[in-house]
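Enquirer: My questions are about this predicted structure, shown below with the sequence.
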Amino acid sequence: MRQILMREALREALFEEMRRDDRVVVFGEDIADPMGGSYKVTLGLSTEFGPLRVRNTPISEAAIVGAAVGAAITGLRPVAEIMYMDFLGISMDQLVNQAAKIRFMSGGQVSVPLVIRCQGGPGRASAAQHAQMLEAWFAHVPGLQIVMPSNPADGKALLKAAIRSDNPVIFFEYNGLYNVRGDVPEPEEDVVEPIGVAKVAREGSDITIVAWAGMTRMALQAAEQLQEEDGVQAEVVDLRTVSPWDKETVLRSFSKTKAMVVAHQAVRQGGVGAEIAATVYEEMLDQVDVEIGRVGAKFSPTPFAPELETQIVPGKAEIVQAVRDVLSRTARAVRR
Amino acid sequence: MRQILMREALREALFEEMRRDDRVVVFGEDIADPMGGSYKVTLGLSTEFGPLRVRNTPISEAAIVGAAVGAAITGLRPVAEIMYMDFLGISMDQLVNQAAKIRFMSGGQVSVPLVIRCQGGPGRASAAQHAQMLEAWFAHVPGLQIVMPSNPADGKALLKAAIRSDNPVIFFEYNGLYNVRGDVPEPEEDVVEPIGVAKVAREGSDITIVAWAGMTRMALQAAEQLQEEDGVQAEVVDLRTVSPWDKETVLRSFSKTKAMVVAHQAVRQGGVGAEIAATVYEEMLDQVDVEIGRVGAKFSPTPFAPELETQIVPGKAEIVQAVRDVLSRTARAVRR
Amino acid sequence: MATIKADKVLPLYRDMLRIRGFEGKATKLYEQGVLPGFLHSSVGQEAVPVGVSAHLNKDDYITSNHRGHGHVLAKGMDPVRMFAELYARTTGYNRGRGGSMHIMDFSLGIVGANGIVGAGVPIAAGAGLSFQVRQTQQVAVSYFGDGAVNSGAFHEGMNLAAIWSLPVVFVCENNFYAESVPQAYASRVGIAERAAAYGIPGVMVDGNDLFAVYDAAKTAIERARAGEGPTLLECQTFRWSGHFVGDPGVYRSKEEVEEWKLKDPVPRVRTWLESHGVKAGELDALEAEVVQEMDSAAERGAEGPKPDPSTATQDVYAPEGVAQA
Amino acid sequence: MATIKADKVLPLYRDMLRIRGFEGKATKLYEQGVLPGFLHSSVGQEAVPVGVSAHLNKDDYITSNHRGHGHVLAKGMDPVRMFAELYARTTGYNRGRGGSMHIMDFSLGIVGANGIVGAGVPIAAGAGLSFQVRQTQQVAVSYFGDGAVNSGAFHEGMNLAAIWSLPVVFVCENNFYAESVPQAYASRVGIAERAAAYGIPGVMVDGNDLFAVYDAAKTAIERARAGEGPTLLECQTFRWSGHFVGDPGVYRSKEEVEEWKLKDPVPRVRTWLESHGVKAGELDALEAEVVQEMDSAAERGAEGPKPDPSTATQDVYAPEGVAQA
Ligand SMILES: Cc1ncc(C[n+]2csc(CCOP(=O)(O)OP(=O)(O)O)c2C)c(N)n1
Ligand SMILES: Cc1ncc(C[n+]2csc(CCOP(=O)(O)OP(=O)(O)O)c2C)c(N)n1
Ligand SMILES: [Mg+2]
Ligand SMILES: [Mg+2]
């Protein structure tokens, strides 16, 4: 299969969906040509589809989402961009009190088919206001869907699904993945992956690692290292959709491995890992012989200094460590 | 001891702290006389302390919090009011990217001694935009403190602590408690309770119920019912501060009762209950013989119709049910 | 009253009466304790939505705010289903999920009342974007109060509509108070003056004068339909009641309220009609008929069934099918 | 140049040179790959902060934005500790926690650069509130770009400062672009015109003319100190570089950039100084000295130790003691 970058895969999805459906419009800060987006994901769109359907906006994050809501409930399928996930705070009211609730409040009269694309995440010394992972806020909000792909093929197929979804979707692109290359089917195949379905990204029998977005990539690397150094076979479940999340796939994997680490770059306290871990304990306590490892950022804003950032935000090393901790406790638990 | 209403207790705290410290200023929508706040908690303040220190604001929730940040880092101790917790989305950026992070980003140069008071919560057919409990968003944000008192004495003593704290505090007043009466020490005693410390609100040996704000009150009522109807002695831990939360008190109670329900009015998925439950499993798995009950709102916006609202948002009945479920499973677990 | 034909005034008068009648009935029911939640009455402000809606088609859209009964009635909502919603019945517009503050009917272009002050402004801009992209002749009207103009959402939404020349008309009902806070406290300038910041027309009219509203709205809506972009229309008016039903309104003087009651928009139209040959008896009959209509609407609204508790979590998500273009 | 004394110009010229020197050196280091994170250069805009800061005391406050080096240097920051912060060293202003986009020094009233466009506006209003409540003579200056004026935070913060007559001066560096988006696309009107929406003075000056900025800032700051409320000062200028170091700036024509370089604010002051009797040799020496200063500052900045990883979570919370009044 041909290999393309994540950023190219996402860009293809936008082109294909805009060609397929006239109702798809794209707007956001700096997304039009010649800039084509801060990370070039929208490059060429405004040239092909023109200024009616593809527009730059002022720096007005509340209005970007508000306008997307208004457009979505009147027949368009807006794909709006918020430049960094960190800026979603400015759009929060429109996302949570409008986009997420209008369908319900209306008694089911209308749906809100919008996509908010945003990027960001730690790892580039961008400091406290440009490196946050905030999916936990939105996973707590009924009515929203949160999609966080980990590779180019999923990025493309899930962005297509998000655009076709009748529900409001926050589509998060971890910056550290934009230049990752991967197999992606040809455009003619029009591959669309379902929202809400996790994928076993690597099979294994000793422990399950649940992750999403950039952390899936690091989990796969951690699994390789664990195999080489410890002979451990880790199964990696790529959650892909953080809300609604695919409980069945996670539980199925756990019932096979009987050990689990859930890992995210977001702050550990109150992160999505808590929900997943709590659910696994609840649903399968009988089978839990050892504590589930929860990997997440320390309780601190993201520091600028790279030496400090890696202390706060976990990566491959922390996943490896968490797996080793869990398995060593398993050994002890078995001995008991 | 004298008995006063929650709203009176909170009002006393404001008067006392404003008298005690010239740096305390109060502003927000409709807080000045003659209105004295939507729920009369600030009644009389502007008359006593005048328009320099007590002010109405326009409907500008971002600026209310932004101005509080600016005032706090330049020597005042603002107590700003956001009328409903539901409107915090509009203030989110200033709360999360400014108030919570300035101290850290500055390398410890400055502190941000502000309090954001807000009220709200379910139970009054206020529908989807006026009944949310959103503490989980803020518990995920390092740098903030979240205080949620359950009774007049704590309301007063913790609001005083919040005003004296050098850290940004979100102080949440559950609307359903304003008219609750309780013992409150005399003003001369100047009672201040520490932030971050839970309280055992009722002793018991059979199960621990962890709750806060309005849910503590319902947990206490549930405990009474359980005692009468089931002969069950439930211990109620009133968390009081949701972030940072008092792990020790919770674990201590669990190690005594070996069974737990954590209950909140907020949406269950991604709620603070997930963090607390996951932590208890992690820290004391050896002692967990039965699943921890997690009570929270169903995954839906709050409906207007009272019949539906009580379906979505849990109360005393759901706590009682959860305790019974846990204890019946305990019995089975013991039999196993 | 330059532009309206005499025979068109009677139906508008009827619409104003219907709003007043609805609010009166709803207030009474609320005071009796039979309606759950909150209620905000628009009595005193009837001329605004009626003068605006006179120029709207069924497929035009409106966004509204917490004080929305007048806006949605003028746009064509059925009071029976409105009362049913206020009673939280399944026969209500929102099947009892929304209530007064979220009343919606997408088949009438009613995007909904809104509990968040200012939030409708960018949403209306987004509706305007739809019409512009699809090149229809529709317009969106966004109703909001004087309090909303100090919100960030107002600013961002106005600016976006302005730079994109969207077919939107922003109608501010300046009733001089946002809850207890006077408009003149919350802003140093008048509402219409703010239009200058967006490079669009700002027009101030007597919002208690149906004809003035009618004329100004006509110009603004025609302008929007012609692709010339948005207008900010300030209609000065007054709410007779407290902020919500039950608010004693201690922040306003009795004199101020009484003075405004003298400027009641309803009898002004009646006087005009009488002076244009409509018989007093006909008008009396109309007034009685509307009172009757609202009494009966409330009764029928109350007859609807309460929602089945087992349906509580319906409609949180749209079903995910294979979406088609 | 009506109000400034000739002997005061030389130090201001020096401040402009120092900003240009700092940015030049930082850009070079960033291009060499030795500075982590992002970098936004203010070369071309030096006259604005220098003309404004000429009227500020040490205990006055400023809020800044992502393009903040000029603002904070003009307010008195030490380039050694600035470079140390850019290098993420413990000797930096923020002990390596903040970096270029969050550089702060509260002892100099520097509330900080800010990564959130528009966020400094209400924060400056809050600082102004402090001064008003404590009845000091301090002022707060809020610097932001043309892109920020379309944010809700701008609107809400401006309005709050206006209605409370807070001692704040809002300084917009209109460099005609927000990243790639032209100011004229993002708004239908000029920046200074927006002041009318808040009932405060809006003043537009040539931001590349030190003397024009100086005079306008003097009036605005005196007005604020006198308790007469805020001013919106639009300074038209241009950034020579891309939005960030590394941005090729494809959205601007070469001609546009070249045209603005002809309006370089620095030689304009030099010409003035020479025509007022300052020797070219003295100015050459000053220029060389500043280059020297920045080279040495960068070197010394780089010498600071890297943060100890074990200190990563320090300073998230202030210690909770028994707070005293
Ligand atoms: C964002 C937000 N802030 C505050 C409120 C609480 N609130 C509801 S209505 C209102 C006053 C609105 O005043 P205005 O816009 O003038 O409308 P009016 O009530 O006068 O019709 C306030 C403060 C709210 N609903 N939303
Ligand atoms: C709220 C927010 N939205 C978007 C951005 C991304 N961003 C950073 S700088 C910038 C452009 C700012 O333009 P302007 O205010 O004119 O300042 P300039 O860069 O021209 O000095 C943008 C869009 C941000 N940092 N914050
Ligand atoms: Mg009003
Ligand atoms: Mg700019």
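Expert: Arrived safely, thanks for sending. Numbers count the residues shown, from 1 in each chain, chains lettered A, B, ... in the order given. Ligands and ions are numbered 1, 2, ... in the order given.

Enquirer: Residue of chain C closest to chain D, please.
Expert: Per Cβ to the nearest Cβ, C:G152 is where chain C lies closest to chain D, at 1.8 Å. For the C-beta atoms, the positions are set from N, CA and C on the backbone; glycine is no exception.

Enquirer: In contact with that residue: list those residues for me.
Expert: A:A62, B:S60, B:A62, B:A63, B:I90, C:G118, D:S151, D:G152, D:A153, D:H155, D:E156 (Cβ atoms under 8 Å, 6 or more residues apart in numbering or on different chains).

Enquirer: how about 10 Å then?
Expert: By Cβ atoms under 10 Å, 6 or more residues apart in numbering or on different chains, the contact set of C:G152 is A:60-63, A:90, A:93, B:59-63, B:90, B:93, C:118, C:121-122, D:118, D:122, D:151-157, D:159.

Enquirer: what does C:I4 give?
Expert: When contacts are counted by Cβ under 10 Å, 6+ apart, C:I4 touches C:L12, C:G51, C:A54, C:L210, C:F211, C:Y214, C:D215, C:K218.

Enquirer: Surely the second one is in a strand?
Expert: What that stands for is C:G51. No. Judged by DSSP: H, G, I helix; E, B strand; the rest coil, C:G51 forms no part of a strand; its state is helix.

Enquirer: burial measure for it, as a count.
Expert: 30 (other Cβ atoms under 10 Å in any protein chain shown).

Enquirer: Now do the helices in chain C.
Expert: C:6-31, C:47-53, C:69-74, C:79-86, C:120-134, C:152-163, C:183-186, C:210-225, C:254-262, C:265-275, C:280-303 (DSSP state H).

Enquirer: circling back to that earlier point, format the contacts of C:I4 as CSV; extra columns: distance to chain D and pLDDT.
Expert: Shown next, in CSV, are the contacts of C:I4 (distance: Cβ to the nearest Cβ, whole Å; pLDDT from 0 to 100):
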residue, distance to chain D, pLDDT
C:L12, 33, 98
C:G51, 25, 98
C:A54, 29, 98
C:L210, 29, 98
C:F211, 29, 97
C:Y214, 27, 97
C:D215, 25, 97
C:K218, 23, 98
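
Enquirer: quick one: which of these is most hemmed in?
Expert: Going by other Cβ under 10 Å, C:G51 tops the contacts of C:I4 with 30 neighbours.

Enquirer: residues near the closest residue to it other than its chain neighbours, how many?
Expert: With Cβ to Cβ, 6 or more residues apart in numbering or on different chains as the criterion, C:G51 has its nearest non-adjacent residue at 2.9 Å, and that residue is C:V213. Using other Cβ under 10 Å, C:V213 has 26 neighbouring residues.

Enquirer: Equivalent analysis for C:K58, please.
Expert: 9.

Enquirer: Now do the contacts for it.
Expert: C:K58 makes contact with C:K75, C:G76, C:S107, C:L108, C:G109, according to Cβ under 10 Å, 6+ apart.

Enquirer: Got phi/psi on it?
Expert: phi -60, psi -40 (degrees, to the nearest 10).

Enquirer: per-residue confidence for it?
Expert: At C:K58, the model reports a pLDDT of 98.

Enquirer: re the thing from before, from the contacts of C:G152, pick out the ones that also neighbour ligand 2.
Expert: Checking the contacts of C:G152 against ligand 2 by Cβ under 6 Å from any ligand atom, the ones in range are A:E61, A:I90, D:G118.

Enquirer: ok, the first one - how many residues close by?
Expert: One way to gauge burial is a neighbour count; for A:E61, by other Cβ under 10 Å, it gives 34.

Enquirer: Might one say that it is in contact with A:F27?
Expert: No. Using Cβ atoms under 10 Å as the test, A:E61 is too far from A:F27 to be in contact (11.9 Å).

Enquirer: what touches both of the two?
Expert: Counting by Cβ under 10 Å, 6+ apart, the contacts common to A:E61 and A:F27 are A:A80.

Enquirer: distance of the closest residue to ligand 3 within the stretch 201-325 of chain C from C:V133?
Expert: Nearest residue of the stretch 201-325 of chain C to ligand 3 (Cβ to the ion) works out as C:R239 at 7.1 Å. According to Cβ to Cβ, to the nearest Å, C:R239 and C:V133 sit 37 Å apart.

Enquirer: With neighbour numbers in mind, choose between the two.
Expert: C:R239 (23 against 19).

Enquirer: which residue packs closest to the more buried one, ignoring adjacent ones?
Expert: In space, C:R239 is closest to C:N175, 4.8 Å off (Cβ to Cβ, 6+ apart).

Enquirer: ok, the one you found - contacts?
Expert: Contacts of C:N175 by Cβ under 10 Å, 6+ apart are C:42, C:44-45, C:48, C:67, C:145-147, C:183, C:207, C:235-240, C:243, C:260.
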